[in-house]
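S.K.: everything below, folded, please.
(one chain, ligands or ions: 1)
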Amino acid sequence: MTNMRPPQKSKLLKVVILGDGGVGKSALLTRFVSNRYEENNFHTIGVEFMNKDIVVDGERYTLQIWDTAGQERFRALRTPFYRGSDICLLCYALDDRDSLKGLGLWRNEFLNYADVDQDKFPFIVVGNKNDIPAQKRQVNSDAVQQWCAEQKVTCHIETSSKAATNVTDAFVLGLRQWRHMECVAEAELRQHGDTIDLTRPIRLVQRRICCTGGGGGNGGGQDADGDDAAMQSPGKKVFGQTRTANKAPATNYRL
Ligand SMILES: Nc1nc2c(ncn2[C@@H]2O[C@H](COP(=O)(O)OP(=O)(O)OP(=O)(O)O)[C@@H](O)[C@H]2O)c(=O)[nH]1
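M.R.: Purely as a prediction, here's the structure:
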């Protein structure tokens, strides 16, 4: 016998990095996964992905991170990969104010193709290249905060792939935001979700089972209410079968 706990399963999450060409998406990914930095990167064509295992708050995750091409001409190559994403990093460069303005288009493009609920999806705004000298900086924190407020994005972080500043933190921020939204969604489900009002439907179901179980006889029909539309419908068996099939997902009962 051993006291060792079985190894914890790793949760797989898909992360997509979006932003204008040249803001440093590939550099961010390379720094995070391999802790390397290259000054002269080629433009990404289409998409590339890398996996990275990470433990955050005691939980194991495998992040499958998709680096996308920022250039407009590769749009058709990247958009099919948005579906199934769990987290999206919206990247701009601190020495390029247009790249911040462009984030709205990136967010919309993602929402169009990823098919997610925009109010419940973890977007993280990442301002890369924060190693640049002050005189080269074109984006100040007021502009970013204003953009985030307008777009209802709550998380913003500055990084430098070159100087290895905050790179892991950007992904961890995305992960924590994802987990927060999962918790909110679960709580909502518990509160309002799969609720069954047992008063009327249960009486119907019991009668149905009685009717069909009795070989189609009239015994159970005696106490049927005249105003019960469901009881009068011809789909008796279907109603009973549907009820049986639906048993499993019911999580809340309100008496
Ligand atoms: N100063 C500074 N330069 C960076 C940083 N990250 C990337 N760069 C520079 O920006 C260039 C472009 O970076 P990439 O990672 O290729 O940019 P990208 O967003 O992936 O570009 P696309 O593939 O065209 O979408 C790099 O060749 C670096 O010279 C950084 O943190 N600081």
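
S.K.: would you mind giving the secondary structure of the closest residue to the ligand within the stretch 51-200 of the chain?
M.R.: Going by Cβ to the nearest ligand atom, the ligand is nearest to residue 70 of the stretch 51-200 of the chain, at 2.9 Å. Placement of C-beta: from N, CA and C, glycine included. Under DSSP: H, G, I helix; E, B strand; the rest coil, the three-state class of residue 70 is coil.

S.K.: distance check, it against residue 144.
M.R.: Remark: distance between residue 70 and residue 144 (Cβ to Cβ, to the nearest Å) = 19 Å.

S.K.: ok, residue 66 next?
M.R.: 24 Å.

S.K.: so between residue 70 and residue 144, which is more surrounded?
M.R.: Per other Cβ atoms under 10 Å, whichever of residue 70 and residue 144 has more neighbours is residue 70, with 23 against 20.

S.K.: quick one: contacts for that one?
M.R.: Residues in contact with residue 70, defined by Cβ atoms under 8 Å, 6 or more residues apart in numbering, are 18-23, 25, 43-44.

S.K.: what does the stretch 51-200 of the chain put close to the ligand?
M.R.: 69-71, 128-129, 131-132, 160-162 (Cβ under 6 Å from any ligand atom).

S.K.: show me where this protein has helices.
M.R.: With helices called from DSSP state H, the chain shows them at 25-34, 75-78, 97-101, 103-114, 141-151, 167-192, 199-213, 229-232, 236-245.

S.K.: what are the buried residues along the longest one?
M.R.: Taking 16 or more other Cβ atoms under 10 Å as the basis for neighbour counts, the residues of helix 167-192 that come out buried are 167-168, 170-175, 177-179, 181.

S.K.: partners of residue 59 in the sheet?
M.R.: For residue 59, the beta-bridge partners under DSSP bridges are residue 56.

S.K.: per-residue pLDDT, it?
M.R.: Predicted confidence (pLDDT) at residue 59: the value is 93.

S.K.: surely it touches residue 53?
M.R.: No: look at residue 59 against residue 53 with Cβ atoms under 8 Å: they stay out of range, at 11.5 Å.

S.K.: straight-line length of stretch 113-125, end to end?
M.R.: The straight-line separation of the ends of stretch 113-125 (Cα to Cα, to the nearest Å) is 19 Å.

S.K.: same check, this time on stretch 34-49
M.R.: Terminal residues of stretch 34-49 are spaced 13 Å apart (Cα to Cα).

S.K.: contact partners of that stretch?
M.R.: Contacts of stretch 34-49 (Cβ under 8 Å, 6+ apart): 21-22, 25-27, 29-31, 64-71, 74, 77-78, 81, 161-162, 164.
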